[in-house]
Structures are given as structure tokens and as C-alpha cells.
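Colleague: Give me coordinates for this.
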Amino acid sequence: MTSRRRDRSGVEFPAEVGDDPPQSCPVCGYILKATGRCPECGASPETITSLDRGARRRIGATVTAFWILVALYLPQCWIFLMPGSWSLYRWSWIEIWPVMPGFIPGLVGGRMLFDVGWRDPLAIAMMAAATVGLAVGAFFIARRGPRRRVIVCWGLFLAGAVHGFILYGLYAA
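Modeller: Numbering: from 1, shown residues only. Predicted structure coming up:
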């Protein structure tokens, strides 16, 4: 008994009931009858398998970026969670929360290079550059494999915890 089926590109084909639909070329959608080059567009098997893996690679990049950001910013959430009043001093620290992971490198660089304080826009720009550099560098190292992702995220989290304790000491002083 035969019926009409559609593959994922929408092409109908006759098939036995219960048969799996044949694979189609991800480049042009042509139904492949055998493994090897696509007779329609000429895509090689390597190209076809790399296109099939492309979706998983994008998901891996999204997951990696998410965990890098969690590892960077979670230790800096002490400013939101500590007890006490929400004074203007506390709000001045909350304003710099987006650049807080790069606070110490940016502050040290700002003091050494330009002799500016931590509220100066140039120092905040240096903190932002340090934060972005740290995030991008960690992202590219973590993208090399799941084991490296775990190591990089834990390293960022532990370094961020130490950084958070130092910042809390500066805040309380």
C-alpha cells in the first residue's frame, strides 16, 4: 500500500506506509536517494553535515553566552540583596552595576593612565571596556567545548565572588 508523504521542505513523494521519509539536501531541498553529493546543487556530504550541525552550534553559543553572563553578574548582585536603606549612596553603586565586573581593572587603569576617580565618565568607560573584554574573552575560550565552558564559568564565578567581597568592602568603607 502506498501513500503520499511530504518531507520537511514540502515536497510530496510516494512511500510505503511506515517508511521513514528520505533525507533532503539542506542547501536546495532536493530529496537525496543515496548518500554522497547532491545531484541538484552539488553540495558535498561534508557541507550537508556541517549545515545540519549549524543549528546545534547556535544553541551552544546562546547557552554559553547565558552562563558567562550569569557567572559575571551573579556575584555582583550583593548590592541588591543586602539589608539597609536605599540611599543615594547605594543608588550611585547601582548605577554602575552593568560595568561592575570590570570595576577594579577599570579603576586601576583609570588611576594609572588618566588619574581619574571612579565616578569619572572615562573611568566608567574603562570599566565597561574591561567588562566587555572579560566577557568576550571568556566566551571564546568557553566555546571550545563543554568542559572548558564549565571551567571558565566556575573560574569567572569564583573570581567574581572575590571581586564582590572587595567591592562590598569599598562600599562599606
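Colleague: any idea how far Pro83 is from Ala71?
Modeller: Taking C-beta to C-beta, to the nearest Å as the measure, Pro83 falls 25 Å from Ala71. For glycine as for every other residue, the C-beta is placed from the backbone atoms N, C-alpha and C.
Colleague: quick one: which of those two has more around it?
Modeller: Between Pro83 and Ala71, counting by other C-beta atoms under 10 Å, Ala71 is the more crowded of the two (24 against 4).
Colleague: is it true that that one touches Ala159?
Modeller: No: counting by C-beta atoms under 8 Å, Ala71 stays clear of Ala159, with 9.0 Å between them.
Colleague: domain parsing for this protein?
Modeller: Annotated domains of the chain cover 1-43, 57-172 [automatic domain parsing].
Colleague: Export these to a markdown table and append columns for mean pLDDT.
Modeller: Supplementary listing: the domains of the chain in a markdown table, determined by pLDDT from 0 to 100:
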| stretch | mean pLDDT |
| --- | --- |
| domain 1-43 | 63 |
| domain 57-172 | 88 |
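Colleague: Just name the most buried of the ones you listed.
Modeller: domain 57-172 (a mean of 15; mean count of other C-beta atoms under 10 Å).
Colleague: what residues does stretch 165-173 touch?
Modeller: Residues outside stretch 165-173 that contact it (C-beta atoms under 8 Å, 6 or more residues apart in numbering) are 76, 78-79, 82, 93, 100, 103-104.
Colleague: Now flag whichever of those residues is closest to Ala142.
Modeller: Of all the contacts of stretch 165-173, the one with the least separation from Ala142 (C-beta to C-beta) is Gln76, at 19.0 Å.
Colleague: Am I right that the closest one is in a helix?
Modeller: Yes: per DSSP: H, G, I helix; E, B strand; the rest coil, Gln76 lies within a helix segment.
Colleague: contacting residues for it?
Modeller: Counting by C-beta under 8 Å, 6+ apart, Gln76 touches 97, 100-101, 160, 163-164, 167.
Colleague: which residue sits closest to Ala130, ignoring its sequence neighbours?
Modeller: Using C-beta to C-beta, 6 or more residues apart in numbering and skipping residues adjacent in sequence, the residue nearest Ala130 is Gly102, 3.0 Å away.
Colleague: now Trp118
Modeller: Using C-beta to C-beta, 6+ apart and skipping residues adjacent in sequence, the residue nearest Trp118 is Leu107, 5.3 Å away.
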